[in-house]
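J.: Predicted coordinates and the sequence they were generated for:
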Amino acid sequence: MKKALKFLDENLEAILLLILLAAISIIMFMQIIMRFVFHNALNWPEEFCRICFVYSGFICFSYCQRKRSAIKIDVIVNLFPNGVKKFIDNVGEVFLFVFYAFLFVQSIFLLQTTASNGSVTSALQLPLVYEYFALTLGTGLAGFRSIEQFVKFIIGRNKGGVTA
């Protein structure tokens, strides 16, 4: 059980992104075959793939946070000594967490509003709240990964200054 949790901790986002990419590829290939071989295009694959793409975009927030590869401007930071670099990096991580937390809270309001008006997608007739949940999922996972990185940093500092 512990190995499975560790595997999920290290690979959750990559697995989800792989599943979404595979789904997009398979469904779009099927749509191409239907359109050009059978001359009968389906109306739902584009919408399904768009939803998968939206989910993959927001899950990338968490993936980048896990890999510590968020967009940063290194040119100015690299001019400072290592101690200052670590401080700036940690301040940046705090700002990212605040950003993710803000988006997470706003996404909850968006979900409530969308659920109350009962909107559905045009082709699949799915409640639109399922599509908008991508923002909640992505920012929630990214916020969790941000906290995880901060805890690893604190634990690493207590063990002799090794950062995550």
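T.: Noted; the coordinates are in hand.
J.: Please enumerate the helices of this structure.
T.: Ranges of helices in the chain, per DSSP state H, are 2-36, 45-66, 74-77, 82-117, 128-158.
J.: Can you pull out the low-pLDDT segments for this protein?
T.: 157-164 (pLDDT under 70).
J.: which residues sit in contact with the residue positioned nearest the centre of the chain?
T.: With distances taken as C-alpha atoms, centre = their mean, residue 59 lies nearest the centre of the chain, 1.7 Å away. The contact partners of residue 59, by C-beta atoms under 8 Å, 6 or more residues apart in numbering, come to 13, 16-17, 20, 134, 137-138, 141. Yep, even glycine has a C-beta here, placed from its N, CA and C like the rest.
J.: Rebuild those as JSON lines, extending it with neighbour count and distance to residue 27.
T.: Output for the contacts of residue 59, formatted as JSON lines (neighbours: other C-beta atoms under 10 Å; distance: C-beta to C-beta, whole Å):
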{"residue": "13", "neighbour count": "23", "distance to residue 27": "21"}
{"residue": "16", "neighbour count": "18", "distance to residue 27": "16"}
{"residue": "17", "neighbour count": "17", "distance to residue 27": "16"}
{"residue": "20", "neighbour count": "19", "distance to residue 27": "11"}
{"residue": "134", "neighbour count": "19", "distance to residue 27": "17"}
{"residue": "137", "neighbour count": "18", "distance to residue 27": "20"}
{"residue": "138", "neighbour count": "26", "distance to residue 27": "21"}
{"residue": "141", "neighbour count": "22", "distance to residue 27": "24"}
